[in-house]
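Undergrad: how would this look folded up:
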Amino acid sequence: MKRSLVLSLTIALFSFVACGNRASTANAGDKATDTLSMEQAEYIKADSYETSKGPLKVTLVGHGSVMFEFAGKVIQVDPYSQVADYSRLPKADLIILTHEHGDHLDTAAINTVKKADTHYIVSKVCNEILGYGNVVNNGDKTEWNGIAIDVVPAYNAVNKKPDGEAYHPKGRGNGYIFTFGDKKVYVAGDTENIPEMDKLKGTIDIAFLPKNLPYTMTDDMFVDAAKKVMPKVLYPYHMSEFDQEKIGKALDGTDIKIEVRPMKN
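TA: Model prediction:
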């Protein structure tokens, strides 16, 4: 029964190939399918979820990068050129950044995926670096294209640099909760299992939680964060390894579905 990360990724890769084959043999007469969306579907596996306002396509592009496709719009969260070829992905209608570290604020990826009318929602420090973008802070609520976006804390309380400063100080970076119809999706950003997660318990349908040291969470922190939030579906991300047997066993009885995906495509 033991499944290593290698086995999990092999299964994910097999599923990806199978999905690609199904996509290539789909009804050729369906003119409504966008060419870029077809290419993306073959490039990186997207998961589809039904909402009260139509389908939501969720793609874990890699590392801390996520893409959503909803109501004809594309949202890129923390695009990072080291984990995927963004020229093969749809252009972004919205680019949203959690914080300023180079694996989250990557101008090369932004320049590849942006359009002339792309909208930007960013942290204060990201705005200071880029010189553009609508600034949002912890506790803010905003809306874009009918999608409600809640801005939540993302920070370290335990893991710190040798000088004592947290890798992600409180109030500097953002996590985001998107409301797509009747579905809520939590992209945690770089964070530990912070107390503020308790307020989210049972309200989140899909969550992306990070797991790596020394910047985010240990296995035990990750399990605690998952139990705090209690999403229906959980994507571990921003990680180098994932002990699916250990973490899955620790989450037995929670009914959380864990979806493991490659961290690079």
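
Undergrad: Can you list the buried residues in stretch 67-74?
TA: By neighbour count with 16 or more other CB atoms under 10 Å, stretch 67-74 contains the buried residues M67, F68, E69, F70, K73, V74. All C-beta spots, glycine's among them, are computed from the backbone N, C-alpha and C.

Undergrad: Now it - C-alpha only, PDB.
TA: The C-alpha coordinates for stretch 67-74 follow below in PDB (Å, rounded to 0.1, in the frame of the first residue of the first chain):
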ATOM      1  CA  MET A  67      -3.700  28.800 -13.100                       C
ATOM      2  CA  PHE A  68      -7.500  29.100 -13.100                       C
ATOM      3  CA  GLU A  69      -9.800  29.300 -16.100                       C
ATOM      4  CA  PHE A  70     -13.300  30.400 -15.300                       C
ATOM      5  CA  ALA A  71     -16.100  32.200 -17.200                       C
ATOM      6  CA  GLY A  72     -13.800  32.700 -20.300                       C
ATOM      7  CA  LYS A  73     -11.000  34.300 -18.200                       C
ATOM      8  CA  VAL A  74      -7.500  33.100 -17.200                       C
END
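
Undergrad: related to what we said a few turns ago, tell me the one of the buried residues of stretch 67-74 nearest D93?
TA: Nearest to D93 among those: K73, at 4.3 Å, using CB to CB.

Undergrad: Distance check, the residue nearest to the closest one when sequence neighbours are not counted against F222.
TA: Once flanking residues are discounted, K73 sits nearest to D93: 4.3 Å by CB to CB, 6 or more residues apart in numbering. Using CB to CB, to the nearest Å, we find D93 at a distance of 31 Å from F222.

Undergrad: Show the contacting residues for the residue nearest to K73.
TA: If you count contacts by CB atoms under 8 Å, 6 or more residues apart in numbering, D93 has them with K73, V74, I75, K115, D117, T118, H119, N145.

Undergrad: do the same with Y167
TA: By CB under 8 Å, 6+ apart, the contact list for Y167 reads N156, N159, K160, K161, D190, P214, Y215.

Undergrad: the strands in the chain, which residues?
TA: Assigned by DSSP state E, the chain shows strands spanning 47-51, 54-62, 65-70, 73-77, 94-96, 119-122, 134-135, 141-144, 147-154, 173-180, 183-187, 206-211, 233-239, 257-258.

Undergrad: Switch these over to TSV; also include mean pLDDT.
TA: Formatted as TSV, the strands of the chain follow (pLDDT from 0 to 100):
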stretch	mean pLDDT
strand 47-51	98
strand 54-62	97
strand 65-70	98
strand 73-77	98
strand 94-96	98
strand 119-122	98
strand 134-135	98
strand 141-144	98
strand 147-154	98
strand 173-180	98
strand 183-187	98
strand 206-211	97
strand 233-239	95
strand 257-258	96
